[in-house]
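> Sequence and predicted structure, then a few things I'm wondering about:
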Amino acid sequence: MPNFKFYYRYRDGANYKNHNCIIFNNPNNLLLADVELIIQQKLIEDTWFYADKWNLPVLHFDKWDNEIDHTWHEFESIELTDDVGQQDIEDFLKAIMS
């Protein structure tokens, strides 16, 4: 069964963007639709999340403007991949559900 590739980004107040993706192993053969549903249910307004609360690397820029910048990240997508990850999808799902 393939693993999962999770894409997300940070967009600052001036619309500059940092992108990242994380590969999650899928040892228990979870279905993409089920994983995506869990993620969608935990997003803020169908798009946003706090990377640190989901145990993902924070993508903020070094230069911060308190007047326009914010702390949330944007979910882009999740897809199947044959790439090998460094953590299991179940651990990620537990983090976002707590």
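Sure, I can see it.
> Now do the strands in the chain.
3-11, 17-25, 48-49, 73-81, 87-88 (DSSP state E).
> closest to Glu36 out of those strands?
Distance to Glu36, taken as C-beta to C-beta, is lowest for strand 73-81 among the strands of the chain, at 5.5 Å. Any C-beta I mention is one placed from the backbone N, CA and C, and that applies to glycine too.
> Need the contact partners of that closest one.
2-11, 19, 23, 32, 35-36, 39, 43, 47-51, 56, 58-59 (C-beta atoms under 8 Å, 6 or more residues apart in numbering).
> on that earlier part again, would you mind giving the strands of the chain as a markdown table with mean pLDDT, distance to Met97 and mean neighbour count added?
Output for the strands of the chain, formatted as a markdown table (pLDDT from 0 to 100; distance: least, C-beta to C-beta, whole Å; neighbours: other C-beta atoms under 10 Å):
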| stretch | mean pLDDT | distance to Met97 | mean neighbour count |
| --- | --- | --- | --- |
| strand 3-11 | 98 | 15 | 19 |
| strand 17-25 | 98 | 15 | 16 |
| strand 48-49 | 97 | 12 | 16 |
| strand 73-81 | 98 | 15 | 17 |
| strand 87-88 | 96 | 14 | 15 |
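> Determine which of these approaches Glu67 most closely.
strand 3-11 (15.8 Å).
> Could you work out the end-to-end span of stretch 47-62 for me?
23 Å (C-alpha to C-alpha, to the nearest Å).
> List the buried residues for it?
Neighbour counts over stretch 47-62 (16 or more other C-beta atoms under 10 Å) mark Phe49, Ala51, Trp54, Leu56, Leu59 as buried.
> Sort out which residues of the longest helix belonging to the chain are buried, please.
In the chain, taking DSSP state H as the definition, the longest helix is helix 32-42. Residues Val35, Glu36, Ile39, Lys42 are the ones in helix 32-42 that count as buried (16+ other C-beta under 10 Å).
> and the gap between the residue of the chain most remote from its centre and Gln87?
Here the chain reaches farthest from its C-alpha mean at Glu67, the gap being 25.2 Å by C-alpha atoms, centre = their mean. Per C-beta to C-beta, to the nearest Å, Glu67 is found 36 Å from Gln87.
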